[in-house]
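> requesting a structural model of the entry that follows:
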Amino acid sequence: MLPATFKLCAAISYRHMRSMTGLKKNALVAIHHELNRLAGPGPSNWISQVRRRSSLLSTRVEEGGYSEEELSYLKQGEDALQKAISILSLQDGWNLETVAANGDRVLSKVLPDIGKVFKLEVMMEQHHDDLYRELVGNMERMGEWNPNVKHIKILQKIGQDTMVTHEVAAETPGNVVGPRDFVSVRCAKRRGSTCFLAGMSTQHAQMPEQRGVVRAENGPTCIVMKPCAEDPNKTQFTWLLSLDLKGWIPKTIINKVLSQTQVDFASHLRRRMAANVSTETAANVSTETAYAC
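As a prediction, the model looks like this:
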């Protein structure tokens, strides 16, 4: 069965057969079944991961309608998420960059083929669902509350979890780092009670490089939100940041800018969430008053 399965996979690699959705679906389903058989009663970790991915891809093909371009963005989003999770799972080798008075801290680590990555670790007072709704559901409104972002626009949505965005970053004070923009594929996922928002740089026909703005690159990046073990209404918030700002900027300045950007982001997000609560409270009071009248 296994040789036949991989012959089927080889067939779909030919360009003139890629449009044959049924053949592609059969190949993915066959792989999934074959992995089930190979795994036996106690599958190893890698078999479980591959089987999960093949099942996910099979489901997407069955749902159908994706173009080659859309499938490429889906894969990029999945890759960004997997790479980010892999980096965050590394326990050793992180160096402390800064600690805020409230305990927010930024760590860093140098990785082969990626360079220096930064990790923000904070505790948020809000429920992870509320944070997910703000950061994913209201993504295009981030420029309203985060002064480091001029605007974010969703260029294309692929399915429920993946999107391509264009983000314009604000200049730093003193224009130490000038205008930068990013075109990114973003993958938003929920796995149990944990929420993920991962991303990495990509290209999109609607947003070529803009005159007067440096096209920077990011990725893999990822925000992870999961309930605090001691209080499920609070959120353990982690943000992995990997950026190449391009241009001639000393590394010491880049390191300072990126770590400060993460600390500032946590402060801006807290204020935004507090403002949301105030707005909701005022709306509820107005509604109760109206009913009383």
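> please count neighbours and contacts with C-alpha atoms only from this point.
Will do.
> pull the helix or strand with minimum mean pLDDT from the protein.
Sorted by mean pLDDT, DSSP states H and E, the helices and strands of the chain end with helix 2-12, the least confident at a mean of 43.
> quick one: contacts of stretch 211-219?
80, 178-184, 199-201, 209, 241-247 (C-alpha atoms under 8 Å, 6 or more residues apart in numbering).
> state the mean pLDDT of stretch 205-215.
For stretch 205-215, mean pLDDT is 93.
> same question, stretch 271-289
72.
> which element is the residue lying closest to residue 93 once chain neighbours are set aside on?
Excluding the flanking residues, the one nearest residue 93 by C-alpha to C-alpha, 6 or more residues apart in numbering is residue 109, at 6.3 Å. Assigned by DSSP states H and E, residue 109 belongs to strand 105-111.
> which parts of that strand are buried?
105, 106, 107, 108, 109 (16 or more other C-alpha atoms under 10 Å).
> ok, of those, which one's closest to residue 229?
residue 105 (19.1 Å; C-alpha to C-alpha).
> I'd guessed that closest one sits against residue 95; true?
No: under the criterion of C-alpha atoms under 8 Å, residue 105 is not in contact with residue 95, lying 10.7 Å apart.
> any weak-confidence spans in this structure?
1-64, 174, 278, 280-293 (pLDDT under 70).
> what is the subsequent helix or strand relative to the strand ranked longest in it?
Longest strand in the chain, counting residues (DSSP state E): strand 180-191. Of the helices and strands lying after strand 180-191 in sequence (DSSP H and E), the nearest is strand 194-201.
> which helices and strands sit right next to that following strand?
helix 68-88, helix 128-132, strand 180-191, strand 217-218, strand 221-227 (3 or more C-alpha pairs under 8 Å, 6 or more residues apart in numbering; DSSP states H and E).
> list the strands paired with that strand, with their directions.
Here strand 194-201 is paired, per DSSP bridges, with strand 180-191 (antiparallel), strand 221-227 (antiparallel).
> and the ones you listed as CSV, adding mean neighbour count?
Formatted as CSV, the strands paired with strand 194-201 follow (neighbours: other C-alpha atoms under 10 Å):
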stretch, mean neighbour count
strand 180-191, 22
strand 221-227, 24
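> export those to JSON lines and tack on distance to residue 163?
Output for these, formatted as JSON lines (distance: least, C-alpha to C-alpha, whole Å):
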{"stretch": "strand 180-191", "distance to residue 163": "5"}
{"stretch": "strand 221-227", "distance to residue 163": "14"}
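> quick one: closest of the ones you listed to residue 66.
strand 180-191 (15.8 Å).
> what's the angle between the longest strand of the chain and helix 68-88?
80 degrees (axes from the mean of the first three to the mean of the last three C-alpha atoms, to 10 degrees).
> which residues are contacting strand 180-191?
So strand 180-191 is contacted by 73-74, 76-78, 80-81, 136, 161-171, 195-204, 207, 213-218, 245 (C-alpha under 8 Å, 6+ apart).
> gap between it and the chain center?
Remark: strand 180-191 is offset 4 Å from the chain centroid, using C-alpha atoms, centre = their mean, to the nearest Å.
> cool, and stretch 79-90?
10 Å.
> hmm, who's touching it?
So stretch 79-90 is contacted by 187, 196, 197, 198, 199, 200, 219, 220, 221, 222, 240 (C-alpha under 8 Å, 6+ apart).
> and what of stretch 161-175?
With C-alpha under 8 Å, 6+ apart, stretch 161-175 has contacts from 73-74, 77, 147-157, 177-189, 204, 207.
> kindly recompute the last result at 7 Å.
Residues outside stretch 161-175 that contact it (C-alpha atoms under 7 Å, 6 or more residues apart in numbering) are 74, 77, 148-157, 177-189.
> for stretch 261-271, same thing?
Outside stretch 261-271, the residues touching it (C-alpha under 7 Å, 6+ apart) are 104, 120, 145, 146.
> buried ones in that stretch?
So for stretch 261-271, counting by 16+ other C-alpha under 10 Å, buried means 262, 263, 264, 265, 266, 268, 269, 270.
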